[in-house]
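K.L.:
Just need the structure, nothing else, for what follows:
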Amino acid sequence: MQNKLKTAVVHEWLVNYAGSERVVESFTNIWKDADIFTLVDFLNQQERDTIVKGKFPKTSFIQKLPFAEKHHRSYLPFFPLAIEQFDLSSYEVILSSSHAVAKGVITSAQQLHISYCHTPMRYAWDFTHQYLKESNLQKGVKAAIVKMFLHYLRIWDYSTANRVDYFIANSKYIAKRIKKIYNKESEVIYPPVDTNLFPCETNKENYYVTASRFVPYKRIDLIVEAFAKMPDKKLLVIGEGPEKDKITAHAKKNIEFLGYQDGEALKKYMQKAKAFVFAAEEDFGIVVIEALACGTPVIALAKGGTAETVVHLKNGIHFKEQTVEEIMSAVNEFERNEQRFDSLAISNDAALYDRTIFEQKFSDFVTQKAELFFNQ
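P.N.:
The predicted structure follows:
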């Protein structure tokens, strides 16, 4: 039934190939005739072919604003208005991939809207005070204006939750946030990971690796500080970002910064590492599953998505708090138990998050809800 229904896919922005775009890719794998709507579209041809099968999505007025390609997020105050301008009245099924405003599209009582929620807007809810502090917006006129806008954004975000018929969360962690913020129940379907692209490697080398964009919430600084205090343990750090100077300032001779690495190089480093270290409180954490698919144990925070995907002493080690001491303790615990980790078993478990499983579960969910909705 679902493929006979006229379907629209809505996503915030299409500017690169990241975690949320993988979900859109799966949507277009299943619903090949779906029309795509997004605030801005600046994909290169390879990304366009992969994510939206060569199509040119319908974009909002933000696409034509100055510097939108590199600074589209600066137009956040206009996002609610822009997303509401899409006319979806001719569609029967709307699928939104939402981490900010995509779920806020306007639909009618005759349309089925299913939203795959990567997270409720972090900067409007949980991370508001952290965002204001990091942006030095705690006092002054500019700070007052930003706080007033975030207040408005929370009201808009909460009210638009009622435009969604069914929420799907990308983890149990996000399901709890959806319940807390929107007072809505949600189904959990873990996001798609191309685990087949990360084959298992059982021959490990004597180094640890971490990989991430250098931004505050990833807490790469804590990982580097921890290994700086363990000079006998080698750490490879992969990534770039605005926190680079702060992070590298803590480095010692046992820590090597490799900068940005493409997918093939990143895979090889993860395959050969004795363990992957991850300190962020993530919604899910796709890179963690990629490391596990390589047969590499993960040392991760026992909060957020990694509390669900990393099982203590089975495929990795948990630490409870984001502190240097906790990371050091977890690394030492890993080394005491290193022999109990089975790379092949770890890789096999990671296959449970494969893209094919996501697409089957999501397709089945939409089919079931569509049959109920349109046969009432």
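K.L.:
Can you give me the neighbour number for R177?
P.N.:
Neighbour count for R177, taken as other Cβ atoms under 10 Å: 19. C-beta here means a position set from N, CA and C on the backbone, and glycine is covered the same way.
K.L.:
mind checking how far it is from K4?
P.N.:
Remark: distance between R177 and K4 (Cβ to Cβ, to the nearest Å) = 34 Å.
K.L.:
Tell me who's in contact with W125.
P.N.:
R154, D157, R177, I181 (Cβ atoms under 8 Å, 6 or more residues apart in numbering).
K.L.:
Tell me which two in these are the farthest apart.
P.N.:
R154 and R177 (13.5 Å; Cβ to Cβ).
K.L.:
ok, A228 touching K253?
P.N.:
No - using Cβ atoms under 8 Å, A228 is not in contact with K253; the gap is 9.4 Å.
K.L.:
which SS class is the closest residue to I30 other than its chain neighbours?
P.N.:
In this structure, I30 finds its nearest non-sequential neighbour in S363, 5.2 Å apart by Cβ to Cβ, 6 or more residues apart in numbering. Recorded secondary structure, S363: helix (DSSP: H, G, I helix; E, B strand; the rest coil).
K.L.:
Next one, pLDDT for S363 please.
P.N.:
Looking at S363, its pLDDT reads 97.
K.L.:
Report the helix or strand with the lowest average pLDDT across the chain.
P.N.:
One helix or strand of the chain scores below all others by mean pLDDT, DSSP states H and E: helix 128-134, with a mean of 78.
K.L.:
Same question for that helix: list its buried residues.
P.N.:
Across helix 128-134, burial judged by 16 or more other Cβ atoms under 10 Å covers T128, Y131, L132.
K.L.:
Next one: the second one from F149, what distance?
P.N.:
Counting by Cβ to Cβ, the gap between Y131 and F149 amounts to 12 Å.
K.L.:
Other residues contacting whichever strand or helix holds V40?
P.N.:
V40 is part of strand 35-41 when elements are defined by DSSP states H and E. Under the contact criterion Cβ under 8 Å, 6+ apart, strand 35-41 has outside partners 7-15, 24, 28, 52, 55-60, 62-63, 68-69, 72, 79, 82-83, 86, 88, 91, 101, 105.
K.L.:
What is the neighbour count of K142?
P.N.:
K142: 11 neighbours (other Cβ under 10 Å).
K.L.:
Which positions in the strand or helix carrying it come out as buried?
P.N.:
Using DSSP H and E, the element containing K142 is helix 141-160. The neighbour-count criterion (16+ other Cβ under 10 Å) identifies V146, L150, L153, R154, W156, D157, T160 as the buried residues of helix 141-160.
K.L.:
thinking in terms of the whole chain, how far from its middle is that helix?
P.N.:
When distances are taken as Cα atoms, centre = their mean, to the nearest Å, helix 141-160 is centred 23 Å away from the chain's centroid.
K.L.:
what's it in contact with?
P.N.:
With contact meaning Cβ under 8 Å, 6+ apart, helix 141-160 is reached by 76-77, 80, 101, 103-104, 120-121, 123-125, 128, 132, 135, 137, 181-182.
K.L.:
at 10 Å instead, please
P.N.:
Residues outside helix 141-160 that contact it (Cβ atoms under 10 Å, 6 or more residues apart in numbering): 76-77, 79-81, 83-84, 98, 100-106, 115, 120-121, 123-125, 128, 131-132, 135-138, 140, 181-183.
K.L.:
Buried only: go through those residues for me.
P.N.:
Buried residues within the contacts of helix 141-160, defined by neighbour count using 16+ other Cβ under 10 Å: 76, 79-80, 83, 98, 100-106, 115, 120-121, 123-125, 128, 131-132, 137, 181-182.
K.L.:
Mind checking which of the residues you listed are in strands?
P.N.:
If you go by DSSP state E, these have S98, S115 in strands.
K.L.:
Tell me where this structure has strands.
P.N.:
For the chain, the strands identified by DSSP E occupy 7-14, 35-41, 58-59, 93-98, 112-117, 166-169, 186-188, 208-211, 235-238, 255-259, 275-278, 298-301, 316-319, in order along the chain.
K.L.:
Adding distance to N332 and mean pLDDT, write the ones you listed out as TSV.
P.N.:
Shown next, in TSV, are these (distance: least, Cβ to Cβ, whole Å; pLDDT from 0 to 100):
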stretch	distance to N332	mean pLDDT
strand 7-14	41	98
strand 35-41	46	98
strand 58-59	51	98
strand 93-98	40	98
strand 112-117	37	98
strand 166-169	34	98
strand 186-188	33	98
strand 208-211	12	98
strand 235-238	14	98
strand 255-259	17	97
strand 275-278	12	98
strand 298-301	10	98
strand 316-319	9	98
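K.L.:
Now distance to R336 too, for these, in CSV please.
P.N.:
Formatted as CSV, those follow (distance: least, Cβ to Cβ, whole Å):
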stretch, distance to R336
strand 7-14, 44
strand 35-41, 49
strand 58-59, 54
strand 93-98, 42
strand 112-117, 39
strand 166-169, 35
strand 186-188, 33
strand 208-211, 15
strand 235-238, 18
strand 255-259, 22
strand 275-278, 13
strand 298-301, 13
strand 316-319, 10
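K.L.:
and of those, who's closest to T202?
P.N.:
T202 lies closest, by Cβ to Cβ, to one member of the strands of the chain: strand 275-278, at 14.1 Å.
K.L.:
And the closest one, what does it pack against?
P.N.:
Counting contacts by 3 or more Cβ pairs under 10 Å, 6 or more residues apart in numbering; DSSP states H and E, strand 275-278 packs against strand 208-211, helix 220-228, strand 235-238, helix 286-293, strand 298-301, strand 316-319, helix 324-336.
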